[in-house]
Each structure stands twice: as structure tokens, then as C-alpha cells.
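Engineer: any chance you could fold what I've pasted below:
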Amino acid sequence: MTTPNGHLVLVGTTASGKSALAMQLARLRSGIELVSMDSMQLYRGMDIGTATPGEADRSEVPHHLVDVVDPAEEFSVSAFQETCTEVLSGISGRGARAVLVGGTGLHVRAVVDDLEIPGRFDDVRETLEAEPDVSVLYAKLKELDPPAADRMEPTNRRRVVRALEVCLGAGRPFSSFGPGLDSYPPTPFTQVGIRLPRSVVDQRIADRYEAQLSAGFVDEVATLSGRPGGLSRTARQALGYRQVIEHLEGRCSLEQAIEDAVVATRRFARRQERWFRRDQRITWLDADEDPLDVLDQLVERFDGCTGGR
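Structural biologist: Numbers count the residues shown, from 1 in each chain. Just a heads-up that it's a prediction; the model follows:
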């Protein structure tokens, strides 16, 4: 049995109240440092649209992996994994404990399971993308890496291209990189999830966009996209930003942009829900409306994952 490392991972869908819960936990227990597992809160200046913790919270409790990358830059999952591992090592070295607050499933898994993540090979991918027939690409993958080909749909172009990119770029089979996301081995991290009814999450998503608009979200997007470096391909795809950029480029009204953002974010929440639900190592805490109702249960879980400390 894997010995707990004392760090707790708090997952859940977007707008489920994870950050508020984590802050309350940190106020009740000394020596907690919070680590954002959100792939977009990494970017500096994208604070309103990503619901990045404010300065008051960050001055009260140490926060990590927030506002660390210029939005014109790409920041891969492997770079995130490496940076987060260094952060956790520093926290442990200080005798503190981390609460990893997560919504981006792949980033959480990369750290929790120390995934071996294949690199990116842009030139190879561009060549592969030039082939319009996915069946041709799949036949090539079947030749180079039969186990990988057998694990995916022949029509799933994105996955086929990615697997081929790695086979050709890394010079080794894509299937050779660890057990993959379908395996859930023992982990030293204690994982807890906050779960609200879908209807409540849906309303919280809509309410959050209204609050973000009032806080100056449109101006934030305009300022970021108007910078010399602009927004990287990854940053431009952040929920809400993509839709507001379409409005700023004159392709839709602001009302339509926000409506589209709400719909897209609700769909994203469903995908998050399905992703985390597959991981049987997560203990779920259910609240009817207010996520803080499960605070006592969260404290109990946190106190139980000391790993002998």
C-alpha cells in the first residue's frame, strides 16, 4: 500500500467552489500552501476570465502556479508537471503541506501519477496534418505501433496524429510511454472531489460570467489580445476568451459571445465530470448548493492524509 505524502488534491468541475473550499481549509489548518492545477491560471494577466485567486487570498495563503507564464507563450503539460513537482518539493522541504486545487484533468493526472509524457514534435505534426485521409494515417500507425492503434478509434484524427507524431518524432512507440490514462495505480496523493448538482453548477457558471463582465472581462481580453505578442494558441482557447475575441473581432455581439461562452463552459463541466468520475481513487463530497457545506468532511480527509507526519 502506498504511503500518503501528506498532500491533498481537491478536484471538481469548473464553478464548483473548489478555490473557496481550499481557502477555508487553509484558514483552519496551519502550514497549508495552495497549488493551482488549472492550465489557464498559469498565464499572467488572464485573471478575471480564469477566476484566478485575488491578491487578498494570495497574500493570506501562499499560492503557486498562478500568473507564472506570459500569455504569448506555450506551456506544455510536461513543463507544468516539471514545475509543479519542483513546487511540491519546496513545500515539503519547508515542512508545509500542499492542497492541489484542480480542474484540468490531464494536469492533475500528470502530477498525481507522475505520467511519462511524450514530447511535442511540431515539424512532424505539420507534415502529418497535411494528409487529409485519416485512414492513411491510421494504417501508418497500425504499422508502427499496433498496440496504440488498437486502443483508439481509426476515425479519431486527433489521437491518431498525436500517436504518429510521437512514434516518428521520438523514435519509439507511443504505447511505450507508461501505462497511460486508462490505468489508475496507487498514488501517495489523497484525492477528494467536490460535487454539486448539475443545475447548480450551470447557474453558477452563468452567474460567474455576469460577475466577470462587471469586473472588466472584455477590457482584459482586449488588452491581452492587443499586446505585441498577443495570446498563444493555447491561451486563445481559454473558455470565455475565445468567445470574447470573436466579439472583439466583430463576428458576434457581446450578448451572443457570453451566451456561447456559458454553453461551452457547461459542456466543459460535463467533460470534467466524466473525466474525474472514472478515477475510483477520488472520494466525493456532495453538497446541495453551497460547497462550503462539505468543509468539515474536507478537513477530516485532510487530517487523515498526514502520511505519518
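
Engineer: so which bits of stretch 299-309 are buried?
Structural biologist: By neighbour count with 16 or more other C-beta atoms under 10 Å, stretch 299-309 contains the buried residues 301-302, 305. For glycine as for every other residue, the C-beta is placed from the backbone atoms N, C-alpha and C.

Engineer: what would those look like in CSV with secondary structure, pLDDT and distance to residue 278?
Structural biologist: Putting the buried residues of stretch 299-309 into CSV (DSSP: H, G, I helix; E, B strand; the rest coil; pLDDT from 0 to 100; distance: C-beta to C-beta, whole Å) gives the following:
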residue, secondary structure, pLDDT, distance to residue 278
301, helix, 95, 20
302, helix, 96, 24
305, coil, 86, 21
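
Engineer: let me see the domain layout of the protein.
Structural biologist: Using automatic domain parsing, the domains assigned to the chain come out as 8-116+189-303, 122-176.

Engineer: deepest-packed of those, please.
Structural biologist: Comparing the domains of the chain by mean neighbour count (mean count of other C-beta atoms under 10 Å), domain 8-116+189-303 ranks first with a mean of 18.

Engineer: ok, the spatially most central residue of the chain - contacts?
Structural biologist: Note on the chain: the residue nearest the mean C-alpha position is residue 104, at 1.6 Å, using C-alpha atoms, centre = their mean. Neighbouring residues of residue 104 by C-beta atoms under 8 Å, 6 or more residues apart in numbering: 37-40.

Engineer: which one of those residues is nearest residue 124?
Structural biologist: residue 39 (23.3 Å; C-beta to C-beta).

Engineer: from residue 201, how far off is that closest one?
Structural biologist: Distance, residue 39 to residue 201, by C-beta to C-beta, to the nearest Å: 19 Å.

Engineer: once you drop chain neighbours, what's closest to the residue nearest to the centre of the chain?
Structural biologist: With sequence-adjacent residues excluded and distances taken as C-beta to C-beta, 6 or more residues apart in numbering, residue 104 is closest to residue 39, at 4.2 Å.

Engineer: and the pLDDT at that neighbour?
Structural biologist: At residue 39, the model reports a pLDDT of 92.

Engineer: and what of residue 237?
Structural biologist: Residue 237 is assigned 85 on the pLDDT scale.

Engineer: all strands for this protein, in order.
Structural biologist: Secondary structure of the chain (DSSP state E): strands at 8-11, 32-37, 63-64, 97-102, 190-195, 283-286.
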